[in-house]
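Asks: Sharing a model that was predicted from the sequence below.
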Amino acid sequence: MSWTSTCPSCLSGDHYEVQSGQLEGQDTNGPATWETGAIDISSCPFIEISFNISSLGTMEACGTGCNSVDWVQLEYNIDGSGWQTPSNSSFCAGACADINVVQSDDVIGGTILYNTGCIPSGSSIQLRISVQAWAGDEFWQIDNVTLSCATGPSVNAGSDISICAGNSTLLNGSGTGTPSWDNGGTLSSTTILNPTASPAATTTYTLTMTDGACSADDEVIVSIIPSSPINLTPDQSICNGDCATLTVSGGDFYEWAPDPDITDVSLTSQNVCPSSTTTYDVTAYTVGSNLIINGDFSSGNTGFSSDYTFTNPTNTGEAQYNVIPNPSAYNGGFSACGDHTTGSGNMMVINGSNVLGASVWCQTVAVTPNTDYLFSAWLASVFPVNPAMLQFTINGIAIGSSLNASATTCVGRVFQHMEFRSFYFCRYLYYQFEFKCHG
């Protein structure tokens, strides 16, 4: 790194130069500057500048007048855009000042480590450290000037969320730095990571995390699921001993109220044979956005944890898995099944463990208390012997019955469970069917 120092008002014996391994300014009688050439910072998304400041003698504070006030100033020039002072500088008012400085008056304890905090980067930077002292026994000493890449703020506004009209939801922001949300009129707070959002229409919220002069943004969309009527069989009249077919459509899944005629409450079509006038109730549900990260494994082996060992490209033993589109490529004894999503995408291919209770797939999902969710997953065998049996748990508590894979390879079976802790869904209108017999 090349640099120069100048002290235009120094008299004989005064200086702003390296003395005993430190940059020292003595009795400069006005500003003296140390300035670098251009330094490459193109590999850094953010930067920070730090150096030690020491004072010897009695330094005067801002506002004490010309021929008196002593100070240290830092400036930087990124990509030739002009000299600027750090955001944590303070204004030093008065004659022979009226500038932003990083130190004036005596340094408490004799030495401090000054740090700019985070600064947005560029391609190149120049540094300039200026000092001012007015007496022969007053010295500023600058040492250990460091320019380094900074971590900068991180931000994650959370997964997109779907809610029913009139409902609220908790936003799941995270990151480092100081948080700030936009669209504050529909948020319980704009300055916390997890405010409650109550939008009347689909709304995009931007979370900004700030660290010094650096900031990072991320967005989350809260979608409003419209309420639309479902289609159902109109009321019918049948004779005693006859049967009728009830059908429902318009939702994503359904739940029929318990009745002796209803053998599977989730079916869209029911064949009923009532012995008297009967009302049949059904509730339709519409599912919102998926809260599971990488649930279709399209992003590969990421977003989840497992007690099984990830091995790539081939399977070498039990309790191993891979995320690939063709199970046969992982183990030649496995069938070449397609995934459930597209038939040609990624899936989690697993060679089972003989350890009871080993977790195959785990993920932590942020949810809103007292909210209905639906959890679902697909399972198929890739080897016909000893088909898998999966038990799903939420917060360590088993949910639903176990999901048993078919012994026939490549035949998928689905697990679905309504819960107050995992996927979002909306409950819609409550309908009735009434059947009467005449004659």
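Replies: The structure has been received and is ready for your questions.

Asks: use CA for all of it now, contacts and neighbours both
Replies: Fine.

Asks: Where do the helices of the protein begin and end?
Replies: Taking DSSP state H as the criterion, the chain carries its helices at 327-330.

Asks: Where does pLDDT dip in it?
Replies: Counting by pLDDT under 70, the chain contains low-confidence ranges at 228, 368-370, 416-439.

Asks: Domain map for it?
Replies: 3-149, 154-225, 231-287, 309-419 (automatic domain parsing).

Asks: So for residue 294, which of the ones you listed sits nearest?
Replies: With Cα to Cα, the closest approach to residue 294 among these belongs to domain 309-419: 10.1 Å.

Asks: that older thread, got JSON lines for the domains of the chain, with distance to residue 296 and mean neighbour count too?
Replies: Putting those into JSON lines (distance: least, Cα to Cα, whole Å; neighbours: other Cα atoms under 10 Å) gives the following:
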{"stretch": "domain 3-149", "distance to residue 296": "32", "mean neighbour count": "18"}
{"stretch": "domain 154-225", "distance to residue 296": "15", "mean neighbour count": "19"}
{"stretch": "domain 231-287", "distance to residue 296": "17", "mean neighbour count": "15"}
{"stretch": "domain 309-419", "distance to residue 296": "7", "mean neighbour count": "16"}
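
Asks: Just the CA coordinates for stretch 336-348, please, in CSV.
Replies: The C-alpha trace of stretch 336-348 is given here as CSV (Å, rounded to 0.1, in the frame of the first residue of the first chain):
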residue,chain,number,x,y,z
ALA,A,336,-35.9,-46.5,-11.2
CYS,A,337,-38.9,-44.7,-9.8
GLY,A,338,-39.8,-41.1,-10.7
ASP,A,339,-40.5,-38.5,-8.0
HIS,A,340,-44.1,-37.6,-7.0
THR,A,341,-43.8,-33.9,-8.0
THR,A,342,-42.9,-34.0,-11.7
GLY,A,343,-41.8,-37.6,-12.3
SER,A,344,-38.3,-36.4,-13.2
GLY,A,345,-37.3,-34.3,-10.2
ASN,A,346,-35.3,-34.9,-7.1
MET,A,347,-36.4,-37.1,-4.2
MET,A,348,-34.9,-38.3,-1.0
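
Asks: can you put the domains of the chain in TSV and add distance to residue 298?
Replies: Putting the domains of the chain into TSV (distance: least, Cα to Cα, whole Å) gives the following:
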stretch	distance to residue 298
domain 3-149	28
domain 154-225	16
domain 231-287	21
domain 309-419	6
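
Asks: Looking at the ones you listed, spot the one closest to residue 301.
Replies: Among the domains of the chain, the nearest to residue 301 by Cα to Cα is domain 309-419 (5.9 Å).

Asks: Which among the domains of the chain is found nearest to residue 302?
Replies: domain 309-419 (9.4 Å).

Asks: Among the domains of the chain, which comes closest to residue 295?
Replies: domain 309-419 (8.8 Å).

Asks: can you pull the contacts of the residue nearest to residue 100 when sequence neighbours are not counted?
Replies: In this structure, residue 100 finds its nearest non-sequential neighbour in residue 91, 4.3 Å apart by Cα to Cα, 6 or more residues apart in numbering. Neighbouring residues of residue 91 by Cα atoms under 8 Å, 6 or more residues apart in numbering: 98-101.

Asks: Closest one to residue 55 out of those residues, please.
Replies: Closest approach to residue 55 among those (Cα to Cα): residue 101, at 14.8 Å.

Asks: So that closest one sits against residue 71, correct?
Replies: Yes: using Cα atoms under 8 Å as the test, residue 101 is close enough to residue 71 to be in contact (6.6 Å).

Asks: Look up which residues are beta-bridged to the most centrally placed residue in the chain.
Replies: With distances taken as Cα atoms, centre = their mean, residue 156 lies nearest the centre of the chain, 2.4 Å away. Legend: beta-bridge partners of residue 156 under DSSP bridges are residue 174.

Asks: and it, what does it touch?
Replies: Residue 156 touches 173-175, 207, 217-219, counting by Cα under 8 Å, 6+ apart.

Asks: Over to residue 82?
Replies: Taking Cα under 8 Å, 6+ apart, one finds residue 76 in contact with residue 82.

Asks: Look up phi and psi at it.
Replies: Backbone geometry at residue 82, expressed as degrees, to the nearest 10, gives phi 120, psi 150.

Asks: any idea how far it is from residue 193?
Replies: 35 Å (Cα to Cα, to the nearest Å).

Asks: what's the answer for residue 9, then?
Replies: Applying Cα to Cα to residue 9 and residue 193 gives a distance of 52 Å.

Asks: For stretch 33-53, measure first residue to last.
Replies: Using Cα to Cα, the two ends of stretch 33-53 sit 15 Å apart.

Asks: Kindly report the same for stretch 389-407.
Replies: Across stretch 389-407, first to last residue, Cα to Cα, it's 11 Å.

Asks: hang on, the earlier thing: now, the contacts of residue 91 that are in strands?
Replies: 99-101 (DSSP state E).

Asks: right, and out of those, which lies closest to residue 22?
Replies: Checking the ones in strands among the contacts of residue 91 against residue 22 by Cα to Cα gives residue 101 as the nearest, at 20.0 Å.

Asks: okay but residue 391 is in contact with residue 398, surely?
Replies: Yes: at 6.9 Å, residue 391 and residue 398 qualify as touching, with contact defined as Cα under 8 Å.

Asks: who's in contact with stretch 298-317?
Replies: By Cα under 8 Å, 6+ apart, the list of residues contacting stretch 298-317 reads 293-294, 319-324, 329-331, 345-347, 351, 353, 358-363.

Asks: again, 7 Å this time
Replies: 293-294, 319-323, 330-331, 345-346, 358-363 (Cα atoms under 7 Å, 6 or more residues apart in numbering).

Asks: go on, stretch 404-413?
Replies: Taking Cα under 7 Å, 6+ apart as the rule, stretch 404-413 contacts 335, 337, 378-385, 387-390.

Asks: End to end on it, go ahead and measure it.
Replies: 8 Å.

Asks: from the middle of its chain, how far away would it be?
Replies: 36 Å (Cα atoms, centre = their mean, to the nearest Å).

Asks: Stretch 377-386 now?
Replies: For stretch 377-386, the distance to the chain centre is 33 Å (Cα atoms, centre = their mean).

Asks: wait, isn't residue 245 in contact with residue 270?
Replies: Yes: here residue 245 reaches residue 270: they are 5.6 Å apart, a contact under Cα atoms under 7 Å.
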